[in-house]
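1. Next one to model:
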Amino acid sequence: MTELQSSMSQDEAISALLAFMFSGVIGSPKGKGVSYLVDIDRASRKIQPPIPIVLSKAELEEAVFSATGHHLKASSRFADGALSISYKVSIEEDSDIQYVVQLRHHGNVTSMNLLMSLISSAIDPSILPLPTVYPIPGEEQRQKTTGIGRQIMQLISGPMADSVYPRMSHEEKLVFVRHMALAFQATWRITLPKGCLIGELCATETDNGVVLSIGPDRHYKLGGPFTTVRDYLRAHICSSLDSFKRQEGIDEYKARFLQRVTDFVEGGMHNIPAIVEDIPVVAVHSDMGPHNVILSPTTPTDINAIIDWEFVASAPYASLHRIIEMLFRESAPNGFGAEYAHADELRDAFWGAIPEWRTWNESEATRVFLEWFRFALFMKAEWRPKDLDEEEKERYWEENVRVVEGLLGKYGSHGAS
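-> Just a heads-up that it's a prediction; the model follows:
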């Protein structure tokens, strides 16, 4: 979006963009796997025609050679993610080597490369394996100019864990969750800059080496950096309330909760107990779920690589609650799927593999933190299909209702309804 001073707000620009794209301007979506760049002049409100985001053969050749010294043999576009566009490339010099070239329109590629290289050199790769990255000279300035950064990394073979894990046997799941626990622990042990700041973890290269710093939260656009856990929770809750207000298709839920939640958030944030300040603030990969874990093609319980390091943060370890829960619950459109069989054993295996963190997970600080953090997570209900029977309708928002009623009843001026 073109950044111009005008009366057109970001929300208005997004609404206009969505209406424009769904108007049929790009034709039928059938068979399309392409991301588009669309400029909106916020002063004139004029929307420019969408341009497919691609890397030409010449651009791929230049990027691969400048970063690796190798010559491009062939390339294919193989994935368009929410935050990146990926090409798989082979090279003339060695048929066994393949790279992934990604266009990233959200992550700071230079910081990502530095962080990934730092982590790879500091942590046992058998515990926290990362693909090797190959920085492209001059890419930092290019990303500042174009808004899109290019990242080149080693192509890691193997299936994504989210496609395999649900079908694993219980015994295989037990092995995998222990491996994941050790990977989480490895990130939590990364040395952070001095001072308990909560925000995005950024890396900069200086004459004295790589320097880490904490900046404003970019993942959820919370602001910051925050000096206290309570300030972080307040920002998270206020951001969730804003999303709740804008959510469509949940009128029945809004009628029950929106005013009560709004009143509570506007007047009850001082009630967050001080004990949450005891919770460890650590380095986290903010999206280290099974969807970003590549498994061994021969031993599917082994981790080949953990990818997509767009969002690395300094944050309370328990802020990964929903990500960790992916190991114990099926995915579901309402954001709270059914537990896997013997989920209690999976949880026990996960936390048992990292006993220091099991102690924290069972602490009062974590329990209270999660009361408020889950309030932010479940405050906004997901859209509910209209063809559900009464029992299914009741179940669909059951966890949202339980969490919101629980916190309002305990800390608010309103009792449960």
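2. Is Q143 in contact with S111, as I believe?
-> No: judged on Cβ atoms under 8 Å, Q143 makes no contact with S111 at a distance of 10.2 Å. C-beta here means a position set from N, CA and C on the backbone, and glycine is covered the same way.
3. Who has more neighbours out of these two?
-> Legend: neighbour count by other Cβ atoms under 10 Å for Q143 and S111, higher for S111 (24 against 20).
4. Could you pull up phi and psi at the closest residue to A365 other than its chain neighbours?
-> Leaving aside its chain neighbours, A365 sits nearest to D278 (4.0 Å; criterion: Cβ to Cβ, 6 or more residues apart in numbering). Dihedral pair for D278: phi -80, psi -20, per degrees, to the nearest 10.
5. quick one: average pLDDT of stretch 246-260?
-> Regarding stretch 246-260, the rounded mean pLDDT is 96.
6. so how many other residues sit close to the closest residue in space to E330 that isn't next to it in sequence?
-> Among residues not flanking E330 along the chain, G337 sits closest, at 3.8 Å (Cβ to Cβ, 6+ apart). The number of residues packed near G337 is 15, by other Cβ under 10 Å.
7. In the stretch 251-400 of the chain, mark out all the helices, start to finish.
-> 251-268, 321-325, 343-352, 355-361, 364-379, 390-396, 398-411 (DSSP state H, counting those that start in this stretch).
8. Mean neighbour count and distance to I97 added to these, as JSON lines?
-> JSON lines is the format used below for these (neighbours: other Cβ atoms under 10 Å; distance: least, Cβ to Cβ, whole Å):
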{"stretch": "helix 251-268", "mean neighbour count": "16", "distance to I97": "52"}
{"stretch": "helix 321-325", "mean neighbour count": "17", "distance to I97": "32"}
{"stretch": "helix 343-352", "mean neighbour count": "17", "distance to I97": "35"}
{"stretch": "helix 355-361", "mean neighbour count": "15", "distance to I97": "38"}
{"stretch": "helix 364-379", "mean neighbour count": "20", "distance to I97": "42"}
{"stretch": "helix 390-396", "mean neighbour count": "12", "distance to I97": "48"}
{"stretch": "helix 398-411", "mean neighbour count": "17", "distance to I97": "47"}
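9. Save those as JSON lines, and put in distance to G223 too.
-> Formatted as JSON lines, those follow (distance: least, Cβ to Cβ, whole Å):
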{"stretch": "helix 251-268", "distance to G223": "16"}
{"stretch": "helix 321-325", "distance to G223": "21"}
{"stretch": "helix 343-352", "distance to G223": "32"}
{"stretch": "helix 355-361", "distance to G223": "26"}
{"stretch": "helix 364-379", "distance to G223": "14"}
{"stretch": "helix 390-396", "distance to G223": "32"}
{"stretch": "helix 398-411", "distance to G223": "22"}
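10. Tell me which of the ones you listed lies nearest to G289.
-> helix 321-325 (4.8 Å; Cβ to Cβ).
11. For the closest one, give the mean pLDDT please.
-> Across helix 321-325, pLDDT averages out at 98.
12. what does it rub up against?
-> Applying Cβ atoms under 8 Å, 6 or more residues apart in numbering, the external contacts of helix 321-325 come out as 184, 286-289, 350, 370, 373-374, 377.
13. Stretch 188-202 now?
-> Under the contact criterion Cβ under 8 Å, 6+ apart, stretch 188-202 has outside partners 108, 111, 115, 119, 122-123, 212-219, 224-229, 231-232, 280-284, 311-317, 357.
14. If any of the residues you listed are buried, put those into a PyMOL selection.
-> For the buried members of the contacts of stretch 188-202, the matching PyMOL selection, counting by 16 or more other Cβ atoms under 10 Å, is:
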select buried, resi 108+111+115+119+123+212+213+214+215+217+218+224+225+226+228+229+231+232+280+281+282+283+284+311+312+313+314+315+316+317+357
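15. Give me the average confidence score over stretch 369-378.
-> Stretch 369-378 shows an average pLDDT of 98 in the prediction.
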